[in-house]
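J.: curious how this folds, go ahead:
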Amino acid sequence: MRKVLFLMVAVGVFSVTAFSQEAVDYDYLINKCYSSVKSGKFTEAVEFCSDALAEKKDSGMAYYLRAFSYSKIPMGTDTKSPTGETVNLTGEQRKQFTVADAEKCIQFIPNEHPCYSLIGSFLYTSKQKDDLEKAAKNLTEAIRLGDKDKMLYYYRAIANFNIAKILTSKNAQAIKLAEQSVADFTASIQLNPDQDYNFQRRAEAYEFLGKFDLAVADLSKFLETNDENDELFFKRGKLYLNAKKYDAAIEDFTKTLEILDEPYNTDFEENLKEILPFRMQAYKALKQKAEFCKDLKTLDENANCEKEWKKK
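T.: Coordinates of the predicted model:
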C-alpha cells in the first residue's frame with residue numbers, strides 16, 4: 001500500500017511541475033504506463049514507458065515510472081531492457097536499470113523528491129559500499145526536498161550503519177556513521193512509535209558504539225512485544241555477561257534455551273554447544289559450581305568438572 005500511495009504522490013508532483021503540454025501520443029502512452037503500474041503489470045509498464053520516451057526523451061515522469069517498474073519485476077522474468085532488447089532479468093540488471101532510469105529522472109526533474117526516494121529505498125539493503133553510499137546520499141536529498149515518507153529515516157539509518165560495519169575498523173568515519181544511524185533510528189521511532197523493529201536495529205548501533213547499557217535498554221524494549229525471539233535473548237545475555245550482570249545473563253541464556261527446546265528443533269544439540277559455555281561463564285563468576293558442572297556434563301558427560309572449574 002505504501003508503494004502505491006508513494007507512486008500516486010509522485011505522479012501528482014510530476015504532473016504539476018513538468019507536464020502541461022504533451023503530444024497526444026505521449027499522453028496516451030504515459031497514461032497506459034501509469035495504469036499498468038497501478039495494476040501491477042510492470043513488464044507491460046516498461047514497454048509503454050519506453051514507447052513514451054521515444055515520443056518525449058526528456059520525460060522525467062516516464063523515467064520514474066519505468067524505474068519503479070524495473071524495481072518491482074522479479075528476477076528471472078523476461079522484460080525489455082532500456083535499449084529495447086528482451087532480457088531475462090538478473091538482479092544486477094534490475095539494479096542497473098532501476099538506478100539508471102531514476103538518475104535520468106533526476107537529470108530532468110532535479111528539484112522533486114520521488115526519484116531520489118526510489119534510489120534510496122531500492123539500494124539501502126545492498127551489501128556493496130558504493131550502493132549504500134548512493135542510497136544514503138539520495139535519501140538525504142529526498143528528505144531535504146520534503147518527502148514525507150516516514151520510513152526514509154529508517155532506510156538511511158540502515159544504509160549508514162551497514163557502511164560502518166563494512167569499514168575495516170571502528171575508525172572515525174565508522175563511528176560517525178553509526179552515530180548518524182542512531183540519530184535516524186531515533187527520528188524513525190518518533191515518527192513510527194508502533195514499529196518496534198527500530199529498537200532492535202538501534203540496539204545494534206549502540207552495541208557497535210560500545211554503549212552497552214543503551215543497547216540493553218533497546219533490546220529490552222523490543223523483547224517486551226517479541227518474547228519468543230531466541231536470538232535477541234541470547235544477544236542480550238552476552239551483553240549482560242560483558243557488563244558483569246551475571247544473574248541477568250543467566251536468566252537470558254536460560255530463556256533462550258527454553259524457546260529453542262521444542263520438538264521440531266533438530267539443531268537443539270548445536271544450540272546447547274553454543275549457549276551453555278556462556279552460561280557457564282556466568283555461573284563461574286557467581287561461584288555457582290554445581291550449576292557450572294551440570295552444564296559442563298550436559299556438553300560432555302566425561303568432562304572433569306574439578307579440572308574445568310579451576311581453569312581461568
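
J.: how about the strands in the stretch 1-150 of the chain?
T.: 78-80, 86-88 (DSSP state E, counting those that start in this stretch).

J.: pick the most buried one from the ones you listed.
T.: Of all the strands of the stretch 1-150 of the chain, strand 78-80 carries the top mean neighbour count, a mean of 16, counting by mean count of other C-beta atoms under 10 Å. Just so you know, the C-beta spots here come from the backbone N, C-alpha and C atoms, and that holds for glycine as well.

J.: pop the domain breakdown of the protein in here.
T.: 1-112, 123-226, 240-312 (automatic domain parsing).

J.: could I get the average pLDDT for the first one?
T.: This predicted structure assigns domain 1-112 an average pLDDT of 86.

J.: ok so, going back, closest one to residue 183 among the strands of the stretch 1-150 of the chain?
T.: Of all these, it is strand 78-80 that lies closest to residue 183, at 39.1 Å by C-beta to C-beta.

J.: just checking: what are the partner strands of the closest one?
T.: strand 86-88 (antiparallel) (DSSP bridges).

J.: who touches the helix or strand where residue 279 lies?
T.: Element membership for residue 279, per DSSP states H and E: helix 268-285. Here helix 268-285 makes contact (C-beta atoms under 8 Å, 6 or more residues apart in numbering) with 234, 237-238, 241, 244, 246-247, 249-250, 253-254, 256-257, 260-261, 265, 289, 291-292, 295-296, 298-299, 309.

J.: for the protein, longest helix please?
T.: Counting by DSSP state H, the longest helix found in the chain is helix 172-191.

J.: quick one: closest of the strands of the stretch 1-150 of the chain to residue 68.
T.: Per C-beta to C-beta, nearest to residue 68 of the strands of the stretch 1-150 of the chain: strand 78-80, 13.4 Å.

J.: contacts for that closest one?
T.: 42-43, 46-47, 50, 70, 73, 86-89.

J.: buried ones among those residues?
T.: Listed as buried from those are 42-43, 46-47, 50, 70, 73, 89; burial here means 16 or more other C-beta atoms under 10 Å.

J.: let me know how buried residue 264 is, in neighbour terms.
T.: 5 (other C-beta atoms under 10 Å).

J.: skip the chain neighbours and tell me the closest residue to residue 185.
T.: The shortest distance from residue 185 to any non-neighbouring residue, by C-beta to C-beta, 6 or more residues apart in numbering, is to residue 202 (3.8 Å).

J.: can you give me the helices in the stretch 151-300 of the chain?
T.: Along the stretch 151-300 of the chain, counting by DSSP state H, counting those that start in this stretch, helices occupy 152-166, 172-191, 197-208, 212-223, 230-242, 246-260, 268-285, 289-299.
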